[in-house]
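Undergrad: Got a sequence here, can you build the structure:
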Amino acid sequence: MTPLPLFFVSYARADVEFGPYRDDLSAFVQTLSAKVAVKAKRSIKDICFFDATSIETGEIWTTELTAALEHSCVAVPLYTPNYFTRPWCGREYEIFRRRRRSAGPSGIVPVLWMKCTMLPPEVETIQHDDAAFPPAYTEVGMQQLLRLKVYSDAYELALEALANRIVAAAEPGLHRIDPINFDTLPSAWEIAADADPQSHTEGGVSKTCFVFVSRDGWDWQPYPEASKKIGALAQEVSGALGLRYEEIKCDATLTQKLGETYESQVPTVLFGDPDSLREGWFAQPMKDYDTRFLLNCAALVPWDAQSKAAGDSDSRWQHLRRVIFRQKIEVPPPYHEWRSIFSLDDLQSKTRTTIEQLRARLLKQILSNASDPNGDATVAFSKADNVEASEAAAAAGIPMGTPAQLEGPGK
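TA: Below is the predicted model:
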């Protein structure tokens, strides 16, 4: 019988689609396994379960994987902005939560793989660092410690601290549990969202909500040749800006939720799939949106090269302008890109610029209300770009790490 692994590494596959990032993770796991094996006096061959394949693609829980999830002594989730949005990561984490101990070491040893500006409430109760970790660990994350030579000493210290925590957590380790029905297992993130139905209203300008108006949802690939899913793109951009990410489902409650994000001043970006917008399920919520003017919202519609070549004769474009967004295309509000995105580079650049513009707009409004509730909002425009306004924003708890860029890329 093959010995069960001492610890289980849980990570978001979206974080390692780029080859060098995949190599970073493999190198980290190998070195950490070697350190733990020596400290735990076990063979390195059976010290760690690390699934290098993509279960998110195949959606098959192998016997080896399920056994490791149910019986590994220690869970090692790798925290990144992606990790807290992926359903498969949420399902693995839900198993860890069910197996954790309430007294003593929980059996869960998180790794801050990438810097996360804010952690979800469902993971905040489990400590991810302590005095044994170098300050740089929480400042840049484990991957950056590994990649940059300037952090080589800090990387070794963080590795040592993690290995010690894993060995300590292995006794007594996670609870053993009965076999799990993985077909019905919920994601920890879905459970948390259900428990907090107003989560989309929380965070203000420190987060961005996204709506994927497509039959494929998070997995929609506007440019299939680039193999980039729209959800991964949104997470990458929001993560690079140091913002929390949240998805709002495109369903019958969308109009209400958009109004709530407006009232709570949460930047919200809608991505529209021209093909899906021909279907009534997606068309109706967008028709409703067309009648509303929400200062916190932006809409981006990416088109392919075929549509660009067809110009105004493209039937999808005609449907969009004549049926779905008749008002907003006739009189375009700010930060709505109806016919200017024709490549993945355009989409990534426009997404980042749009989020920055929305945040700047909302921040000006917040500062204006805070400094002079009865004054002219235009007065705050000159303040939002100076040191005094930045200090006021910081005092109000508004992150100002990323300056707003008010100019967009060329079309």
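
Undergrad: Quick one: neighbours of residue 160, just the number.
TA: Residue 160 has 15 neighbours, counted by other CB atoms under 10 Å. Glycine gets a C-beta too; all of them are placed from N, C-alpha and C.

Undergrad: got the end-to-end distance for stretch 112-132?
TA: End-to-end span of stretch 112-132 (CA to CA, to the nearest Å): 14 Å.

Undergrad: Show me what counts as buried in it.
TA: 112, 113, 114, 115, 116, 119, 120, 122, 123, 126, 128, 129 (16 or more other CB atoms under 10 Å).

Undergrad: what's stretch 252-261 in contact with?
TA: 198, 200-201, 209, 211, 248, 268, 285, 288-289, 292, 294, 296-297 (CB atoms under 8 Å, 6 or more residues apart in numbering).

Undergrad: ok, residue 278 - contacts?
TA: 316, 319 are the contacts of residue 278 under CB under 8 Å, 6+ apart.

Undergrad: if I look at it, how far off is residue 356?
TA: 31 Å (CB to CB, to the nearest Å).

Undergrad: And residue 369, by the same measure?
TA: Counting by CB to CB, the gap from residue 369 to residue 356 is 21 Å.

Undergrad: who's more crowded, these two?
TA: More crowded of residue 369 and residue 356, by other CB under 10 Å: residue 356, with 19 against 14.

Undergrad: how many other residues sit next to the residue lying closest to residue 90 once chain neighbours are set aside?
TA: Nearest residue to residue 90, sequence neighbours excluded (CB to CB, 6 or more residues apart in numbering): residue 187, at 2.9 Å. For residue 187, the neighbour count with other CB under 10 Å is 18.

Undergrad: quick one, phi/psi of residue 187?
TA: When quoted as degrees, to the nearest 10, the phi and psi of residue 187 stand at phi -80, psi 140.

Undergrad: Give me the distance between it and residue 85.
TA: 10 Å.

Undergrad: In whichever strand or helix holds residue 39, which residues are buried?
TA: Using DSSP states H and E, residue 39 sits within helix 19-40. Under the neighbour-count criterion of 16+ other CB under 10 Å, helix 19-40 has 24, 25, 28, 29, 32, 33, 35, 36, 37, 40 buried.

Undergrad: which residues in the protein form strands?
TA: For the chain, the strands defined by DSSP state E cover 7-10, 48-49, 74-79, 111-112, 207-213, 244-247, 268-272, 297-302, 336-341.

Undergrad: So which of those is nearest residue 63?
TA: Closest to residue 63 of the strands of the chain is strand 48-49 (CB to CB; 12.4 Å).

Undergrad: List the pairing partners of that closest one within its sheet, with orientation.
TA: strand 7-10 (parallel) (DSSP bridges).

Undergrad: As JSON lines, the contacts of stretch 252-261 with distance to residue 154 and pLDDT would be great.
TA: Output for those, formatted as JSON lines (distance: CB to CB, whole Å; pLDDT from 0 to 100):
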{"residue": "198", "distance to residue 154": "39", "pLDDT": "74"}
{"residue": "200", "distance to residue 154": "36", "pLDDT": "78"}
{"residue": "201", "distance to residue 154": "38", "pLDDT": "79"}
{"residue": "209", "distance to residue 154": "34", "pLDDT": "94"}
{"residue": "211", "distance to residue 154": "39", "pLDDT": "96"}
{"residue": "248", "distance to residue 154": "38", "pLDDT": "90"}
{"residue": "268", "distance to residue 154": "37", "pLDDT": "97"}
{"residue": "285", "distance to residue 154": "48", "pLDDT": "90"}
{"residue": "288", "distance to residue 154": "51", "pLDDT": "92"}
{"residue": "289", "distance to residue 154": "47", "pLDDT": "93"}
{"residue": "292", "distance to residue 154": "49", "pLDDT": "91"}
{"residue": "294", "distance to residue 154": "44", "pLDDT": "93"}
{"residue": "296", "distance to residue 154": "39", "pLDDT": "94"}
{"residue": "297", "distance to residue 154": "41", "pLDDT": "96"}
